[in-house]
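A.B. asks: What follows is a predicted structure for the sequence shown.
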2 protein chains.
Amino acid sequence: MRGAGRQRAELMSKTDPLVIFTPSGKRGRVPAGTSVLEAARSLGVDLDSVCGGRGICSKCQVTPAFGSFPKHGLTVGPDALSPWNAVEERYHRKRGLPEGRRLGCQARIAADVVIDVPPESQLHRQVVRKRAEAREIVLDPATRLYYVEVAEPDIHHPSGDLERLATALAEQWGLGGIEADIGVLHSLQRVLREGEWKATCAVWQGREAAPARIVGIWPGYYEGGIHGLAIDVGSTTIAGHLCDLHTGEVIASSGLMNPQIRFGEDLMSRVSYAMQNPGGAQEMTRAVREAINSLAEAIAAEAGIARETILEAVLVGNPVMHHLLLGIDPVELGWAPFALATANALDLRAEEIGLSLHPNARIYILPCIAGHVGADAAAVALSEAPDKSDDLVLIVDVGTNAEIQLGNRERVLACSSPTGPAFEGAQISSGQRAAPGAIERVEIDPVSKEPRFRVIGCDLWSDEPGFAEAVAGTGVTGICGSGIIEAIAEMRLAGIVDAGGLIGSAEQTGSARCIADGRTFAYVLHDGRDAGGPLITATNQDVRAIQMAKAALYAGARLLMDRLGVDRVERIVLAGAFGAHISPRHAMILGMIPDCPLEKVQSAGNAAGTGARIALLNRAARRDIEKLVRRIEKVETAVEPRFQEHFVNASAMPHAVDPFPELERIVTLPSPSFNAGDAGRVRRRRRG
Amino acid sequence: MRGAGRQRAELMSKTDPLVIFTPSGKRGRVPAGTSVLEAARSLGVDLDSVCGGRGICSKCQVTPAFGSFPKHGLTVGPDALSPWNAVEERYHRKRGLPEGRRLGCQARIAADVVIDVPPESQLHRQVVRKRAEAREIVLDPATRLYYVEVAEPDIHHPSGDLERLATALAEQWGLGGIEADIGVLHSLQRVLREGEWKATCAVWQGREAAPARIVGIWPGYYEGGIHGLAIDVGSTTIAGHLCDLHTGEVIASSGLMNPQIRFGEDLMSRVSYAMQNPGGAQEMTRAVREAINSLAEAIAAEAGIARETILEAVLVGNPVMHHLLLGIDPVELGWAPFALATANALDLRAEEIGLSLHPNARIYILPCIAGHVGADAAAVALSEAPDKSDDLVLIVDVGTNAEIQLGNRERVLACSSPTGPAFEGAQISSGQRAAPGAIERVEIDPVSKEPRFRVIGCDLWSDEPGFAEAVAGTGVTGICGSGIIEAIAEMRLAGIVDAGGLIGSAEQTGSARCIADGRTFAYVLHDGRDAGGPLITATNQDVRAIQMAKAALYAGARLLMDRLGVDRVERIVLAGAFGAHISPRHAMILGMIPDCPLEKVQSAGNAAGTGARIALLNRAARRDIEKLVRRIEKVETAVEPRFQEHFVNASAMPHAVDPFPELERIVTLPSPSFNAGDAGRVRRRRRG
């Protein structure tokens, strides 16, 4: 920042060289001899630098353009910049500078020039997201590195090392009123002397109004990089992205099972465990914290970095996970009025919640929306930005509870709907978790009423040659959540199930696959008994379970639509690992989600994890979501009489005929659940 | 705070009753029916209340005055206040209200009235200090209790318990934007429900610009009291005052030896230990933290309170103690330029420095002045307030190093002078620590040259009847620091020692007590050898050691006087445990301190501990000392050529004749070193 004021005052002279920066288009005149970095700063051009222009960090690389620029009325000669100098030469020999690149702090402006700032040299560069419709992420993390040169102590003017460091950060980087963690004080004197009064500081500034804090310090120019973790603490899975805080890139992603599962499969059984076992909540707190530490260790190992370079983590989770992670007994979340201990976003130190990252690592936890709609839903809102949507978007994060958001720029509503575990394959007679061998795709021929299917772990359909050999290892073991949805939807289209949800007999349907099952009937999807495998059926009870679950989901969405006074939504986003695997067409046939043009149904993958990553990489996003959460209108389904009404009305299956007979089917292939949104491949296949 | 705005708006009506508060003299008209507490608040009268006017806390007791007040032109009838009500009756039965007292929140103003606010009902009451010249302490601690009534959760308007508590604190107490420690979140839900949505919060607001934080919470109205510790971490002794944070009173004081002594008697030997032993600094850090925890436990037990009710501690110490306490290796303090890791004041959590108080207790550490002049010297400056002095005051805190401050309203200077351990009885042939049996007072008859003395633990002089029996238990074991100063000063007045510091022979002095001691002589103070005790002498080497020490002290003071361009000081304050025991007259005879009228020499006792207590009880005092420390002009004796010059010149003993022959002797009796300033009894005895 040094010298910026001086240069700005001198910008007016017409004889000074004109400098034009691309892609920003910012332009101005600067005195000859001004470095490109200084010129960029004085013109407000976003050009990165960690070392503050000392030719050390190489973050300020630029590409000068030479030749004629009729658009700008400019011709740039080869002498527009000072010649390649010794610092650049040394850097090039040591690390290599791409052809045509200069170091912005070394190249000085001699005459009119056009200078391109490549994306990786932008301080607030945009982080790439693969989904075009997704919110863009501008890199501006709460923790950044700053290289400084510190005044040596002077016996005649005694002052603490920290005070001189603070002065250096204020003068060289404009970071006034800075404070330091006590852990930094422990190593400060050694580090400053080891680095001969040059040091790199990691500075955390989670809230712009609060004083910045030095959280890490290294001697000299630190090249090791600093990292951040975005973690979605799900009831079943804990998933994390490790990001480079300087580039914003995801350098590793990983997930593990939430070890709390041993205390109860779903949220309410964990709350019950806490109620019924003294110390039970603490046990679960310990378990989840240990798991996060293991995940951090594994993900750091995968990326080949030291866990101690992780200076920040952003965590999201549903209210019960949120409370257990914080060490708060979730008992109040087990009964009305479902009071949270706190709904606010939290800035913590990692050690306060028992996480072993950098010793002074900071934690940001997104706000919760309500007692049933947690920080994970807030993260989904941050990722999917309903409040920035021009069209009315319905966002559904399907799990044991479905968190539903509906809104656009004007209003956003949210609720949680108790869908139960049917969508996860539980309470389904042949149900199982999504694992190799599970049926995940089903088609039933409307004429022959014969099924064909695909199982997880095999790309072939069951009627394609080689299928039997391909699945010989695992066999066909059951049906997962997305499989049962497709099966029942296809059964409805094939006339095997009626609108009320009853499976017909072999006589009624004309299919021998309809067999008796007590007082009702079941449809045989696969009979593996000859080969020692299971008989896999969709029973009438399965249909009922899915009817209940989808009715709950639909009723929640309808409730929000009522509140907004609308009958249709313009866009639907399916979030969550499960959402990534659902066939939107089948979901709509079943009546799980309101009708909507199929091309307007998107899968966002683990949007909660993505939201956590956004909050990790952009501190303004934290303020955004804190504001949005206060604005979101919370609807409590448990006490809304219309919810029951909608629920009852929603149990029927509306579509006897495929509403999209001419449309392609969208098949989203399985991909790591923590990364499905950005990385999931989408294949299209014309319907046969 | 509720309703204050409304009442202020209505204050104008001339028909409303007039209320006059004493002793503040504040007056105004309030609508009939206004409670005394509300009237006090609307008029800005300092009337305490923890419960906010709910008749629970009884802190708002007032004494209405009835009868005729010609000064105010008022006659107050018996019906000026509403009658004694059921709340007051219940409180009186349960706890007792002194005769004539009313609860300010219950008594309502019916007609013109005069109301006295007794000292203990003032929120910002003055804390009593015994020394008239000492800075007054206005009670305004950083941590206070607030009773609140919190809204219950509402399923239709979901919000966290913390958010509703924060709203209550904002609405009922004006504490906006409050935050909470994670430890508070752990118990918040249970506490609020146990107290049926009433709770008492301990709120810490160390810096007015920063958000207030909830650090403790109790169900309902909490009557247990909250406490603070003021601790002076000395090289030799760690001394603490336990204060009631609501009344400001010291409820217990205690001290213990600094266990670091096993790593080295003086500061520099501890720094050497850290340099020479890997992990040595950490060992010393552990030792001092454990000692402070023991002290806290002992002092809490003595006061009959739970250690967990200690919500704040203020700590002071010299730079080496300061660094070791913080866990910072003090190695840089062992050599020039004596760079501190930080000189700034610090706000910490107790756990950050390993202290076991209330789990969320806060720590305030005063700023250091320079590498040799620590937070203890800052505390002395806070207590003795040289910057608020009209006369030019010299403040000397005598120890292994003497910290010297000189100044008045205009300028304040400070330095540290390496006096060495002689004043503490070390390096003295018969020297010992101040303990029972040690000679602490000496008089030598100028004619007979016979001594008489007193020992610690006995009120009799050695020539008084019964002395031998009284000291039979301990015997006469040696000379402590104050004893050797008196002995040498008296030897000088009796002509036993000359101006250059040489003891004469028996022939030269005419006293058989002058015996040969190698090539020089020694003076026999006490010969206990017949009874199996020691021969106690003051040797010529002892005289030399004291000469060096006093010369260093004097040279430091002179250096500051030079800087100010003055030849005399107007007032001298002797601080520290040792300062409390020194006879100012003897110190002046020796030339330890500059000449000054004897009645202008004061003993401040443990002024560092008192300064810590001031910072504990008044948060504005923290800002005062932080500002003063920046203003203090630091003088480094080690690099001042004039220091050596003064030192050489100051080794002579200036007074061959008692400069104060007609004056009383001031004898300060021993008292617990941590409390000498305020509690030390001062006895005066006409010289015989």
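C.D. replies: The structure has been received and is ready for your questions. Residues are numbered from 1 along each chain as shown, chains lettered A, B, ... in the order given.

A.B. asks: buried ones in stretch A:527-542?
C.D. replies: A:Ile536, A:Thr537, A:Ala538, A:Thr539, A:Asn540, A:Asp542 (16 or more other Cβ atoms under 10 Å in any protein chain shown). Glycine gets a C-beta too; all of them are placed from N, C-alpha and C.

A.B. asks: Farthest pair within the residues you listed?
C.D. replies: Pairwise distances across those (Cβ to Cβ) peak at 15.2 Å, for the pair A:Ile536 and A:Asn540.

A.B. asks: Pick out the residue of the stretch 1-150 of chain A closest to chain B.
C.D. replies: Residue of the stretch 1-150 of chain A nearest chain B, by Cβ to the nearest Cβ: A:Val150 (11.0 Å).

A.B. asks: Please report how far the residue nearest in space to the middle of chain A lies from A:Ser253.
C.D. replies: Centroid check for chain A by Cα atoms, centre = their mean gives A:Thr610 as the closest residue, at 0.7 Å. From A:Thr610 across to A:Ser253, the span is 11 Å (Cβ to Cβ, to the nearest Å).

A.B. asks: returning to that earlier point: would you mind listing the residues in contact with the residue of the stretch 1-150 of chain A closest to chain B?
C.D. replies: Counting by Cβ atoms under 8 Å, 6 or more residues apart in numbering or on different chains, A:Val150 makes contact with A:Asp161, A:Arg164, A:Leu165, A:Ala168, A:Leu192, A:Trp197, A:Lys198, A:Ala199.

A.B. asks: The first one: what's it in contact with?
C.D. replies: When contacts are counted by Cβ under 8 Å, 6+ apart, A:Asp161 touches A:Val150, A:Pro153, A:Leu188, A:Gln189, A:Leu192, B:Glu332, B:Ala339, B:Leu340, B:Ala341, B:Thr342.

A.B. asks: make it 10 Å
C.D. replies: Shown in contact with A:Asp161 (Cβ atoms under 10 Å, 6 or more residues apart in numbering or on different chains): A:150-153, A:185, A:188-189, A:191-193, A:197, B:328, B:332, B:339-343.

A.B. asks: just the buried members of the residues you listed?
C.D. replies: Buried subset of the contacts of A:Asp161 (neighbour count, 16+ other Cβ under 10 Å): A:150, A:153, A:185, A:188-189, A:191-193, A:197, B:328, B:332, B:339-343.

A.B. asks: near chain B at all, stretch A:165-178?
C.D. replies: Yes - Stretch A:165-178 lies within reach of chain B by Cβ under 10 Å from any Cβ of the partner chain, at A:Leu165, A:Ala166, A:Gly177.

A.B. asks: Which strand or helix spans the residue nearest to the last one when sequence neighbours are not counted?
C.D. replies: Spelled out, that is A:Gly177. Excluding the flanking residues, the one nearest A:Gly177 by Cβ to Cβ, 6 or more residues apart in numbering or on different chains is A:Pro211, at 4.9 Å. Here A:Pro211, judged by DSSP states H and E, is contained in no helix and no strand.

A.B. asks: Can you report how many residues lie near A:Pro211?
C.D. replies: 14 (other Cβ atoms under 10 Å in any protein chain shown).

A.B. asks: Do I have it right that it meets B:Ala210?
C.D. replies: Yes - in this structure, A:Pro211 is within contact of B:Ala210 by Cβ atoms under 10 Å, at 8.5 Å.

A.B. asks: What are the phi and psi values at A:Leu382?
C.D. replies: phi -70, psi -40 (degrees, to the nearest 10).

A.B. asks: where does the nearest residue to it once chain neighbours are set aside land on pLDDT?
C.D. replies: Nearest residue to A:Leu382 in three dimensions, chain neighbours excluded: A:Gly611, at 3.8 Å (Cβ to Cβ, 6+ apart). At A:Gly611, the pLDDT value in this model is 96.

A.B. asks: Would you mind measuring from A:Gly611 to chain B?
C.D. replies: Per Cβ to the nearest Cβ, to the nearest Å, A:Gly611 is found 20 Å from chain B.

A.B. asks: repeat for A:Gly504
C.D. replies: Going from A:Gly504 to chain B by Cβ to the nearest Cβ gives 43 Å.

A.B. asks: Tell me if I'm right that A:Ile479 and A:Leu525 touch.
C.D. replies: Yes - using Cβ under 10 Å, A:Ile479 is in contact with A:Leu525, at 7.1 Å.

A.B. asks: Mind checking which of the two has more residues around it?
C.D. replies: A:Ile479 (30 against 26).

A.B. asks: so what's the residue found closest to the more buried one once you drop the neighbours it is linked to in the chain bridging to?
C.D. replies: Leaving aside its sequence neighbours, A:Ile479 sits nearest to A:Ile439 (Cβ to Cβ, 6+ apart; 4.6 Å). On the basis of DSSP bridges, A:Ile439 is bridged to A:Val455, A:Ile479.

A.B. asks: Contact partners for A:Ile439?
C.D. replies: Contacts of A:Ile439 (Cβ under 10 Å, 6+ apart): A:430, A:432, A:451, A:453-456, A:462, A:476-480, A:482-484, A:486-487, A:525-526, A:536, A:538.

A.B. asks: try it again with 7 Å
C.D. replies: A:Ile439 makes contacts with A:Phe453, A:Val455, A:Val476, A:Ile479, A:Cys480, A:Gly483, A:Leu525, A:Ile536, as judged by Cβ atoms under 7 Å, 6 or more residues apart in numbering or on different chains.

A.B. asks: now swap in A:Arg108 and tell me
C.D. replies: Listed by Cβ under 7 Å, 6+ apart, the contact set of A:Arg108 reads A:Gly33, A:Thr34, A:Ser35, A:Leu81, A:Ser82.

A.B. asks: repeat for A:Ile231
C.D. replies: A:Ile238, A:Gly240, A:Ile292, A:Ala313, A:Leu315, A:Ala612.

A.B. asks: what about it, helix or strand, and which?
C.D. replies: Taking DSSP H and E as the definition, A:Ile231 sits inside strand A:227-233.
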